[in-house]
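*Asks:* Coordinates for the following, if possible.
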Amino acid sequence: PLYKLFEDESSFLTLLTGCSVPAQMVWSPDGSAAAYRVSDKAYLIDTTGKVVAPLGDSAGGFAWTADSKTLYFATADEQIPASLSPISTSWLQPQDRMAPSTQPSKGSVQISARTDGRVTALATFASGPVFYMVLSPDQKWLAMVCDTPASDVFAVYVYSIAEKKLYELSDFAGFGLCFTGANRLAYIEPDKSADKMEALTGKIVEVTLAAGAAQLDRKPLVDVIPAETPFIAPLGDNLLITSLGRSFPGKPLASNDPMICKLFLWTRANGGIVAMADDVGPLFAVSPDG
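*Replies:* Here you go, the predicted structure:
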């Protein structure tokens, strides 16, 4: 069966404006269990929908290991604890932009791993909810898109499972990100400063993660409008992208139009991009066999 991540496209628009996600469900690769979130509570359930174990107050975001034995998940705390995990900011690049917000953090997030019924806390840091979480193909890196106090702006964090260390990759990013290789991560990075994300142009940028590196090389892949490019996913060495696909001059979009996107294929071999489908929703999933 197929399960929808969001009720409809308006739910995704609600997410992009910083409100809570109504529900999420992420199945283990072997299909034997699922992480399920409704409202602010998360559960581990079996194939019949029976609760196997509660996962606490959810901050959103789930990721399974390839063998289905370990589930990574995020829990939330409105009060920031006195002891937070250190975050390496060596990967953050200075950007010529205005500070997006002076509001305080929305609380704290704890990232945990559940294996054989045992839960291990990995890192606790000040952040808004985790909207999306993905594990690298080599199972060594956990990447997360988190909410920030600024409207329409997201932060990207990466946890090194081998080092047990948390890195902040970006504090001014778009929503979509994905692993394009064992240690290659692609995410959406705006080009320049502006008051609102919707006013920015940007790029899908690919970085090669390296533990302990002072800086990461950033390779631009394709130009996008961050606020109008909801999701990206790997397809072999290539990328699938949902975007509004604007062209100038062109027909203006009505402000009340739903987020109806085009599905694009970006090809690494020649850097080309072609439209695969019109009138699709913002979110999609690639089948396991590609």
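*Asks:* Let me know the outermost residue of the chain.
*Replies:* Within the chain, the residue lying farthest from the chain centre (Cα atoms, centre = their mean) is P249, at 31.6 Å.
*Asks:* Relative to M259, how far out is that one?
*Replies:* P249 sits 22 Å away from M259, taking Cβ to Cβ, to the nearest Å as the criterion. (C-beta placed from N, C-alpha, C; glycine too.)
*Asks:* Just to be sure, the residue farthest from the centre of the chain is in a strand?
*Replies:* No. Counting by DSSP: H, G, I helix; E, B strand; the rest coil, one finds P249 to be coil, located in no strand.
*Asks:* Quick check: the gap between the residue lying closest to P230 once chain neighbours are set aside and I241.
*Replies:* Residue nearest to P230 in three dimensions, not counting chain neighbours: P282, with 3.6 Å by Cβ to Cβ, 6 or more residues apart in numbering. In this view, P282 and I241 are 11 Å apart by Cβ to Cβ.
*Asks:* who has more neighbours, the two?
*Replies:* In terms of neighbours (other Cβ atoms under 10 Å), I241 is the more surrounded of P282 and I241; the figures are 28 against 23.
*Asks:* distance between the helix or strand hosting that one and the chain's centre?
*Replies:* Using DSSP states H and E, the element containing I241 is strand 238-243. With Cα atoms, centre = their mean, to the nearest Å as the basis, strand 238-243 stands 14 Å off its chain's centre.
*Asks:* What are the contacting residues of that strand?
*Replies:* Defining contact as Cβ atoms under 8 Å, 6 or more residues apart in numbering, one finds that strand 238-243 is touched by 176, 178, 180, 186, 204, 221-222, 224-225, 228-234, 261-268, 273, 276, 280-284, 286.
*Asks:* Just these: which are in strands?
*Replies:* Judged by DSSP state E, strands contain the following of those: 178, 186, 204, 221-222, 224, 231-234, 261-266, 273, 276, 280.
*Asks:* And stretch 74-91, end to end?
*Replies:* Using Cα to Cα, to the nearest Å, one end of stretch 74-91 lies 22 Å from the other.
*Asks:* Not counting it itself, show me its contacts.
*Replies:* The contact list for stretch 74-91 (Cβ under 8 Å, 6+ apart) reads 40, 42, 55-61, 105, 107-112, 123-126, 129-130, 133, 144, 157-158, 165-169, 207, 213-216.
*Asks:* buried ones in it?
*Replies:* 74-76, 80, 85, 87-88, 91 (16 or more other Cβ atoms under 10 Å).
*Asks:* one step back: can you pull the residues that touch both of P282 and I241?
*Replies:* Shared contacts of P282 and I241, counting by Cβ under 8 Å, 6+ apart, come down to F231.
*Asks:* For the helix or strand encompassing G61, buried residues please.
*Replies:* Per DSSP H and E, G61 falls inside strand 51-64. Residues of strand 51-64 classed as buried: 55-56, 58-64 (neighbour count, 16+ other Cβ under 10 Å).
*Asks:* can you give me how far that strand is from the chain middle?
*Replies:* The chain centre lies 16 Å from the centre of strand 51-64; the measure is Cα atoms, centre = their mean.
*Asks:* Could you spell out the sheet neighbours of the very next helix or strand once past it, each with its direction?
*Replies:* Counting by DSSP H and E, the next helix or strand C-terminal to strand 51-64 is strand 70-77. Here strand 70-77 is paired, per DSSP bridges, with strand 51-64 (antiparallel), strand 108-115 (antiparallel).
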